[in-house]
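In: sequence-free structure coming up:
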């Protein structure tokens with residue numbers, strides 16, 4: 001073999017080695033621009049040009065592709081109601097309409113209101129809360145019934161996941177509305193948090209601007225009894241973030257360098273530390289907590305500073321068993337701390353700052 005041929009062979013081998021080293025195995029790049037994952041995480045909605053796509057989350061295969069309009073009305077947004085039904089909001093100069101669909105072929109109109117009017121909907125989109133010209137909040141039900149609440153003004157709101165309870169914040173205080181029974185209770189406290197996925201419970205953390213509670217505590221609120229229960233945070237330095245488990249029985253808490261689990265059945269019990277981050281992990285690029293579907297594990301994305309030739313980006317998908325504390329880690333080749341979608345426990349979709357499109361990564365836990 002001549003010297004020149006040997007050089008070419010060496011260069012080819014070097015390029016092949018670089019490809020093997022830097023290629024992120026199990027990643028597929030998709031020509032999509034957004035991702036709305038279903039609650040059951042089996043499907044997601046995305047857009048491609050002027051088309052809306054319904055996609056199988058596990059293999060990225062297109063289930064349905066339709067033009068992005070309903071009866072020639074431009075679609076504003078899509079929201080999953082459950083793993084099958086999709087709420088579609090459309091708008092013209094005259095009105096905003098909300099439809100339900102399962103296949104983007106058949107649409108059922110469930111609510112309509114005047115365009116330009118301040119409005120927000122219940123999780124199932126069958127109830128619309130409207131603000132009148134006199135600032136009164138009026139609730140419009142899918143059957144056309146209207147309820148004048150007498151509440152004036154609004155600073156914020158939060159629905160229970162079953163659409164029964166609505167928490168309203170106003171300049172005059174906080175109100176709890178039972179939209180099914182059409183009952184209103186005023187609460188003389190200031191707080192804001194998250195409703196449980198499957199039960200009517202509410203959790204919130206009191207940092208500093210909360211009236212009527214101890215500072216830096218986690219509380220559970222029962223809307224039926226109006227009872228506040230303090231959660232034991234022994235060993236937790238600071239609540240950086242928290243998230244409900246899918247079965248509503250646990251709350252995962254992240255402080256500065258650890259992840260804890262608390263039981264909502266026994267909030268007085270001390271929390272269990274299930275994971276402690278390594279000293280060199282970059283918490284500024286930590287991507288939020290996510291539960292596995294069976295409520296037995298926690299997933300998240302972490303970053304380790306520095307640079308290695310085999311793993312130049314240093315981003316990792318992580319999975320922790322809440323019973324044993326055992327963790328698994330999978331390398332991801334990309335700046336992976338924004339726009340992350342867990343399609344299911346083993347498939348991660350993400351967008352990157354330095355590349356266009358949506359990426360799918362199968363996680364070999």
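Out: Okay, I see it. Values in this document were obtained by computation on a predicted structure and should not be read as measured data.
In: so where's the stretch 201-350 of the chain shaky on pLDDT?
Out: 209, 282-285, 306-313, 334-338 (pLDDT under 70).
In: show me the strands in it, by range?
Out: 202-206, 217-222, 227-231, 241-244, 250-254, 258-263, 272-276, 287-291, 297-303, 315-321, 327-332, 340-344, 347-351 (DSSP state E, counting those that start in this stretch).
In: output the ones you listed as TSV; include the columns distance to residue 363 and mean neighbour count.
Out: For every residue, glycine as well, the C-beta is placed using N, CA and C. As requested, the strands of the stretch 201-350 of the chain are arranged in TSV below (distance: least, CB to CB, whole Å; neighbours: other CB atoms under 10 Å):
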stretch	distance to residue 363	mean neighbour count
strand 202-206	28	22
strand 217-222	30	18
strand 227-231	31	15
strand 241-244	19	19
strand 250-254	19	24
strand 258-263	18	21
strand 272-276	17	17
strand 287-291	12	18
strand 297-303	9	22
strand 315-321	6	20
strand 327-332	5	17
strand 340-344	10	20
strand 347-351	6	22
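In: in JSON lines: those strands, plus distance to residue 129.
Out: Output for these, formatted as JSON lines (distance: least, CB to CB, whole Å):
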{"stretch": "strand 202-206", "distance to residue 129": "18"}
{"stretch": "strand 217-222", "distance to residue 129": "21"}
{"stretch": "strand 227-231", "distance to residue 129": "25"}
{"stretch": "strand 241-244", "distance to residue 129": "24"}
{"stretch": "strand 250-254", "distance to residue 129": "28"}
{"stretch": "strand 258-263", "distance to residue 129": "32"}
{"stretch": "strand 272-276", "distance to residue 129": "39"}
{"stretch": "strand 287-291", "distance to residue 129": "28"}
{"stretch": "strand 297-303", "distance to residue 129": "34"}
{"stretch": "strand 315-321", "distance to residue 129": "38"}
{"stretch": "strand 327-332", "distance to residue 129": "40"}
{"stretch": "strand 340-344", "distance to residue 129": "28"}
{"stretch": "strand 347-351", "distance to residue 129": "32"}
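In: for residue 358, find the nearest of those strands.
Out: Closest approach to residue 358 among the strands of the stretch 201-350 of the chain is made by strand 347-351 (5.8 Å; CB to CB).
In: elements contacting the closest one?
Out: Applying 3 or more CB pairs under 8 Å, 6 or more residues apart in numbering; DSSP states H and E, one finds that strand 347-351 makes contact with strand 340-344, strand 358-362.
In: so how far is the first one from its chain's centroid?
Out: Between the mean C-alpha location of strand 340-344 and the chain-wide mean there is a distance of 9 Å, by CA atoms, centre = their mean, to the nearest Å.
In: mind listing the strands that strand pairs with, and their directions?
Out: strand 347-351 (antiparallel) (DSSP bridges).
In: who's in contact with the partner strand?
Out: 35, 37, 44, 57-58, 317, 332, 334, 336, 338-343, 357-363 (CB atoms under 8 Å, 6 or more residues apart in numbering).
In: again, only using 7 Å
Out: 35, 57-58, 317, 334, 336, 339-343, 358-363 (CB atoms under 7 Å, 6 or more residues apart in numbering).
In: now stretch 294-302
Out: So stretch 294-302 is contacted by 245-247, 249-250, 252, 259, 274, 281, 286-292, 315-323, 336-337, 340, 342, 345 (CB under 7 Å, 6+ apart).
In: cutoff 8 Å now
Out: 245-247, 249-250, 252, 259, 274-275, 277, 281-282, 285-292, 315-323, 329, 332, 336-337, 340, 342, 345.
In: next one: stretch 252-265
Out: 196, 201, 203, 218, 220, 231-233, 235-243, 245, 248-251, 269, 271-277, 283, 286, 289, 291, 298, 300, 320, 322.
In: same question for stretch 143-162.
Out: Residues from elsewhere that reach stretch 143-162, judged by CB under 8 Å, 6+ apart: 120, 122-123, 129, 131, 134-141, 165-172, 175, 177, 182, 184, 192-198, 200, 202, 223.
In: do me a favour and get the end-to-end distance for that stretch?
Out: In stretch 143-162, first residue to last residue: 18 Å (CA to CA, to the nearest Å).
In: quick check: buried residues in that stretch?
Out: 149, 151, 154, 159-162 (16 or more other CB atoms under 10 Å).
In: and those residues, which is closest to residue 98?
Out: residue 159 (14.9 Å).
In: quick revisit: nearest to residue 102, of the strands of the stretch 201-350 of the chain?
Out: Here strand 340-344 is closest among the strands of the stretch 201-350 of the chain (CB to CB), at 19.2 Å.
In: for residue 79, see how far away residue 67 is.
Out: Distance of residue 67 to residue 79, given as CB to CB, to the nearest Å: 19 Å.
In: over to residue 37?
Out: 11 Å.
In: for the two, indicate the residue with more neighbours.
Out: Between residue 37 and residue 79, residue 37 has the larger neighbour count (other CB atoms under 10 Å), namely 19 against 16.
In: so what's that one bridging to?
Out: Beta-bridge partners recorded for residue 37 (DSSP bridges): residue 44.
In: for it, what are its contacts?
Out: 44, 57, 80, 341-343, 349 are the contacts of residue 37 under CB under 8 Å, 6+ apart.
In: got those as TSV, with distance to residue 100 columns?
Out: Below are these laid out as TSV (distance: CB to CB, whole Å):
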residue	distance to residue 100
44	18
57	21
80	11
341	23
342	25
343	23
349	25
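In: quick check: of those, which lies closest to residue 110?
Out: Taking CB to CB as the measure, residue 80 is the one of the contacts of residue 37 closest to residue 110, at 14.9 Å.
In: from residue 121, how far out is the closest residue to the closest one other than its chain neighbours?
Out: Distances taken as CB to CB, 6 or more residues apart in numbering put residue 38 closest to residue 80, at 4.6 Å, once the chain neighbours are dropped. According to CB to CB, residue 38 stands 18 Å off from residue 121.
In: all set, thanks.
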